[in-house]
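> Here is a sequence together with a model predicted from it:
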Amino acid sequence: MSSELPAGARAVVVTASNRAAAGVYADRSGQALAEGLRALGFTVEGPHVCPDDVAELEVVLQQATASGADVVLTTGGTGLSPTDVTPEATRRVLEREAPGIAEAVRRYGEGKVATSVLSRGLAGTVGRTLVVNLPGSTGGVRDGLAVLGPLLPHVVSQLRGGDH
């Protein structure tokens, strides 16, 4: 497994939150996600803050994946609330699902926060881009990065055509 992030790796961060989009509060989880990705060696665009709206999120995800980013990570909108629609928007965009990644994120958080298993986040690919939905809390972002950190160098290498 590749342990070094390929040169020029790019990530896009998208936050799904009605309240952050309306300016009710600052987007802390998106900022934490962007900082964590930079620490892993990525050049990061965003966070792009969007309301919890399937159509709007779908457009933002399509733009992010079309931009040539290696990774698109979302934060927020993965729970059971009627306004949590990030997985629905993501499913419309994904070409291939990678359920093991989303399951690993849920499993990692379960020991600390029992409700982590309620996250409906998805993971998969669009062309040569990995897309992963993370919870909308800074703790959920930290847990997600703990799982993704060791995987991302290999994933980016593979999606760029690297050998197994």
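Perfect, thanks for sending it.
> mind checking the end-to-end distance for stretch 40-60?
Stretch 40-60 has an end-to-end distance of 23 Å (CA to CA, to the nearest Å).
> That stretch: which residues count as buried?
Going by neighbour count (16 or more other CB atoms under 10 Å), the buried part of stretch 40-60 is 40-42, 44-54, 57-58, 60. Bear in mind the C-beta positions are built from the backbone N, C-alpha and C, glycine included.
> Keep only those of the residues you listed that are in strands.
Counted as lying in strands by DSSP state E, out of those, are V44, E45, G46, P47, H48, V49, C50.
> pretty sure V126 contacts V93?
Yes. V126 lies in contact with V93 (CB atoms under 8 Å); the separation is 5.7 Å.
> shared neighbours, these two?
L61, T65 (CB atoms under 8 Å, 6 or more residues apart in numbering).
> Can you give me the buried ones in the lengthiest helix in the chain?
Ranked by residue count under DSSP state H, the longest helix found in the chain is helix 138-159. For helix 138-159, burial by neighbour count (16+ other CB under 10 Å) applies to 138, 140-145, 147-148, 151-159.
> try stretch 74-91
T74, T75, G76, G77, T78, G79, D84, V85, T86, P87, A89, T90.
> Please apply the same query to stretch 96-115.
A98, I101, A102, A104, V105, R106, Y108, G109.
> And the residues you listed, which is the shakiest by pLDDT?
When these are compared on pLDDT, G109 comes out lowest, with 86.
> And for stretch 86-94, what's in contact with it?
Against stretch 86-94 from outside (CB under 8 Å, 6+ apart): 16, 52, 54-55, 57-58, 61-62, 65, 74, 76-78, 120-122, 124-126, 131, 133.
> Give me the distance between it and the centre of its chain.
Centre-to-centre, stretch 86-94 and its host chain are 12 Å apart (CA atoms, centre = their mean, to the nearest Å).
> Take the ones in strands among the buried residues of stretch 40-60 and write them to TSV, including pLDDT and distance to G36.
Below are these laid out as TSV (pLDDT from 0 to 100; distance: CB to CB, whole Å):
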residue	pLDDT	distance to G36
V44	98	9
E45	98	14
G46	97	13
P47	98	12
H48	97	16
V49	98	17
C50	97	20
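> Name the nearest of these relative to A114.
The shortest approach to A114 among these belongs to P47, at 27.4 Å (CB to CB).
> quick one: that closest one and A11 touch, right?
No. Look at P47 against A11 with CB under 8 Å: they stay out of range, at 10.5 Å.
> was I right about N18 contacting E56?
No. Using CB under 8 Å, N18 is not in contact with E56; the gap is 10.9 Å.
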